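>>> starting from these lines, generate the structure:
(2 chains)
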Protein chains: 2
Amino acid sequence: MDENIRALFRPKSVAVIGASEKPGKIGYAIMKNLVEYGYEGKIYAVNVKGVEIEINGRRFKSYKSILDVPDEVDMAVIVVPAKFVPQVVEECGKKGVKVLPIISSGFGELGPEGKKVEEQIVETAKKYGMRILGPNIFGVVYTPDKLNATFGPTDVMPGKLALISQSGALGIALMGWTILEKVGLSAVVSIGNKADIDDADLLEYFKDDENTNAILIYLEGVKDGRRFIDVAKDVSMEKPIVVIKAGRSERGARAVASHTGSLAGSDRIYDAAFKQCGVIRAYTIGEAFDYARTLSNLPEPEGENFVIITNGGGIGVMATDAAEESGLHLYDNLEDLKVFANFMPPFGSYKNPVDLTGMARGDGYEGAIRAALQNPNMHSIAVLYCQTAVLDPRELADIVIREYNESGRKKPLVVAIVGGIEAREAIERLNEEGIPAYPEPDRAVKALAALYRWSRWKHRQGRP
Amino acid sequence: MDENIRALFRPKSVAVIGASEKPGKIGYAIMKNLVEYGYEGKIYAVNVKGVEIEINGRRFKSYKSILDVPDEVDMAVIVVPAKFVPQVVEECGKKGVKVLPIISSGFGELGPEGKKVEEQIVETAKKYGMRILGPNIFGVVYTPDKLNATFGPTDVMPGKLALISQSGALGIALMGWTILEKVGLSAVVSIGNKADIDDADLLEYFKDDENTNAILIYLEGVKDGRRFIDVAKDVSMEKPIVVIKAGRSERGARAVASHTGSLAGSDRIYDAAFKQCGVIRAYTIGEAFDYARTLSNLPEPEGENFVIITNGGGIGVMATDAAEESGLHLYDNLEDLKVFANFMPPFGSYKNPVDLTGMARGDGYEGAIRAALQNPNMHSIAVLYCQTAVLDPRELADIVIREYNESGRKKPLVVAIVGGIEAREAIERLNEEGIPAYPEPDRAVKALAALYRWSRWKHRQGRP
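This is a model prediction of the structure:
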């Protein structure tokens, strides 16, 4: 593992160069996020004017140069204007800093001149054995160490998904989305201009990171395609990667070119490359996070037999449609399925989709879920619920959480609850517990299918 | 217009037969919803024991029979057990009631015997010139008259969409969904066993209902296919119809058969029929409501020129992909588009998708939106926003609402805002004002495309 990249996520000390005492400034926001998210390493403020900075009653004196900091610094977050960055990087080198997230913009994204400065900075960093993230980024988050060195939202929910964004604006918006939608994250990385550290470097790190189970990348374009493919394939053997890659239509690809100033490359080439290296492609933001929930939280299925448990015929049919379309196999053995008859009225149906009927209460669901979790011939489960007056969806959520935990979470299980405000609360409760839950049956099934796709790909490569 | 069906939505007086004084009973819930939702006509409780019923401090004496009610009754909601229903229907006939929503279950859905009773009831109703809704339903809502005669949620948001559900359980869950997601409704109708009133009857009513702009049907199967097609085609000439029809896969169709006890019919036949009569088919619940938002709220476009205004290259590209895939035409005339250069920094792009850049503030959006609304060559607009620190999404929502209202809402406009909690609030604010807003750019574009699909179909039929 690259020690410098490790320092990007698990630094023992962080300096903010360009720290500010003024709320509203990025140099203040980074300090504030570091403090508020609870980073426990040492935090040093660097500011040429030597101002004192107060965050929530905690006072930081600031040093006029990183060279004045009386301690080792693992990571220095750089927020100073572009023209000062080369000098600051040089000083960081002398100081022996390991990694430099450069928030500042005004480099390669402006054109050839900025690009040249960017290259010089990377040269300097190399000379001293440092790595650079960015420039033109919003920072980095690593939840296991309570590190939030961004100017984005603070209340990121801890979890097992690492999020990498090439777009700064969209990356921050997606952080907000994960908080709202209860998607648990291990890390967030803004990679901006990728002058040095790129997707492949980060993938390599996350491959060995015990706190990360899956990686989601918002990608606009790749510089070194060969390396990306090689690394992505290697990583996919261990952990699933989801990529959102826009620009799949001809007009969309032209818009990418105009936006990034670089050719997006034929979308068919990307598509083929992703397939080859086991990357799960998502076409929308919603789809990407739907998949990320199952891929980062659930164990791999040990077989193809999928069981749907529902209280509504209609949503059962929708789930069945989605299963057939996404290549999931509904388990058909009536001898095994008969067990579900114990948990439904006589007019229910134990054929798969198992219909507990609209009369289903907590005990019916509890029994059916437990039976499915216990039967070794049933390999994956979708629990569907259409909100009725006889069972509060939040009660169902608690039942699912209890039964799934007691079973040891050994097979994949997804939940879909259709309804109003109580349904939303139930879905949030499940997602907070790392049980993928959705407001629509087809989304739950398609997300489970993404886990199957990755798992099957891995087995085709000869991996257990 | 059928006077009896009109009485289903706009009764001057309602009787609840089987009204109950016990919270938890359906006969209580219906009374409670009628009172709480603010129905202003007369409400009569009928209960064989003659109990007094108190709802929120308002006391209702109950009559032992509908025949004892000293007034005309337009609609009688029947909640008594199945075995008493035939007699109650007879009495309603004698009383001169116009329409009978029969909540009670235990008829055709149980098999041939129940089916026979159901047919007898319909015979009785016909004899007296009454119409029957159901049986086996959760009731009916008509928001313009504050009528909520269901045991579902009370706080339905008024709007221009009529919702018809064949499934009771799913229908109630969908009512909850519309409240949560701020989908405005004119009506909700549970049609259950369709012993008498069916989808076609309701479509005919909504065609002429000034409070309804679009109709969404959750359909499991159709009895009289020919009539459905004829009526749907006729209605589609005036107002768009969205249908959610599950069971499109082979396995899904089998599950429908097992659930409803009737053959679902080949899905390809449904698909062809929907296309022929201008019905917009939705494959998921989410998609259906996404479409319903544009179809029930927006005017038809007067041409094909579509403009995307965004602050983020990434979401602009996603919207462009969606536009190209769903047949929307991005307007290309640079002479016209140049106007947008006034509202962006020099590194923005006035080419469509118009990129105001991540620096865009309220005034930039305001100017760009106004310019697009004013230019007669621009026929439809998507406003996209990726949440940044420089503009609160709720402020953007207010700007959109103001500009769209001041323009007279003459062309279709959709909004997508990607972000966290403030983004969700902004989306809700827009939807409450009847401006379709979504958390993802592709959903906004595809919903706009549904409006285009319907409008083009209509023109192909020779309609202006």
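>>> all contacts plus neighbour counts: C-alpha atoms, from now on.
OK.
>>> show residues contacting the helix or strand hosting residue A:34.
When elements are assigned from DSSP states H and E, residue A:34 belongs to helix A:26-36. Among residues not part of helix A:26-36, those counted as contacts by Cα atoms under 8 Å, 6 or more residues apart in numbering or on different chains are A:16-23, A:43, A:45, A:55, A:79, A:147-151, A:153-154.
>>> quick check: next helix or strand after it?
Toward the C-terminal end, the helix or strand that comes next after helix A:26-36 (DSSP H and E) is strand A:42-46.
>>> given that next one, what are its sheet partners and their directions?
Strands that pair with strand A:42-46, judged by DSSP bridges, come out as strand A:13-17 (parallel), strand A:62-63 (parallel).
>>> the ones you listed: which one's closest to residue B:120?
Nearest of these to residue B:120, taken as Cα to Cα: strand A:13-17 at 80.9 Å.
>>> can you show me the CA trace of the closest one as PDB?
Extracted in PDB, the C-alpha atoms of strand A:13-17 (Å, rounded to 0.1, in the frame of the first residue of the first chain):
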ATOM      1  CA  SER A  13      -1.900  15.200  11.400                       C
ATOM      2  CA  VAL A  14      -3.400  17.700   9.000                       C
ATOM      3  CA  ALA A  15      -2.400  21.200   8.100                       C
ATOM      4  CA  VAL A  16      -4.800  23.600   6.300                       C
ATOM      5  CA  ILE A  17      -2.700  26.000   4.300                       C
END
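>>> orientation of it relative to helix A:26-36 in degrees?
Calculated by axes from the mean of the first three to the mean of the last three Cα atoms, to 10 degrees, strand A:13-17 forms an angle of 160 degrees with helix A:26-36.
>>> contacts for strand A:13-17, please.
A:27, A:30-31, A:41-47, A:66, A:72-80.
>>> ok, of those, which come out buried?
A:27, A:30-31, A:43-47, A:66, A:72-80 (16 or more other Cα atoms under 10 Å in any protein chain shown).
>>> circling back: roughly how far is the helix holding residue A:34 from the heart of the chain?
Relative to its parent chain, helix A:26-36 has a centroid offset of 22 Å by Cα atoms, centre = their mean, to the nearest Å.
>>> now chain A, which segments are flagged as low pLDDT?
Per-residue confidence of chain A (counting by pLDDT under 70) places the weak regions at A:1, A:258-265, A:464.
>>> can you give the domain ranges for it?
A:1-139, A:155-297, A:299-460 (automatic domain parsing).
>>> which strand residues bridge residue A:78?
For residue A:78, the beta-bridge partners under DSSP bridges are residue A:17, residue A:102.
>>> please look at it and residue A:105 and confirm they touch.
No: with contact taken as Cα atoms under 8 Å, residue A:78 and residue A:105 are classed as non-touching, separated by 10.4 Å.
>>> what about stretch A:41-58, start to end distance?
End-to-end distance for stretch A:41-58: 15 Å, by Cα to Cα, to the nearest Å.
>>> one more: stretch A:219-231?
According to Cα to Cα, stretch A:219-231 extends 15 Å from its N-terminal end residue to its C-terminal end residue.
>>> can you pull the buried residues of it?
Residues A:219-222, A:228-229, A:231 are the ones in stretch A:219-231 that count as buried (16+ other Cα under 10 Å).
>>> chain center to that stretch: distance?
Per Cα atoms, centre = their mean, the displacement of stretch A:219-231 from the mean C-alpha position of its chain is 19 Å.
>>> any bit of the host helix or strand of residue A:243 sitting next to chain B?
Remark: residue A:243 resides in strand A:241-245, with elements defined by DSSP H and E. No: taking Cα under 8 Å from any Cα of the partner chain as the criterion, strand A:241-245 and chain B are apart, separated by no less than 8.8 Å.
>>> so what does that strand touch, helix or strand wise?
For strand A:241-245, the packing partners by 3 or more Cα pairs under 8 Å, 6 or more residues apart in numbering or on different chains; DSSP states H and E come out as strand A:214-219, strand A:280-282, helix A:285-297.
>>> any chance of these in a markdown table, with distance to residue A:175 too?
Converted to a markdown table, the helices and strands packed on strand A:241-245 look like this (distance: least, Cα to Cα, whole Å):
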| stretch | distance to residue A:175 |
| --- | --- |
| strand A:214-219 | 12 |
| strand A:280-282 | 17 |
| helix A:285-297 | 11 |
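>>> if we can go back for a sec, give the buried subset of the contacts of helix A:26-36 as a ChimeraX selection command.
Selecting just the buried residues from those in ChimeraX takes one command, with 16+ other Cα under 10 Å as the test:
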select /A:16,17,18,19,20,21,43,45,55,79,147,148,149,150,151,153,154
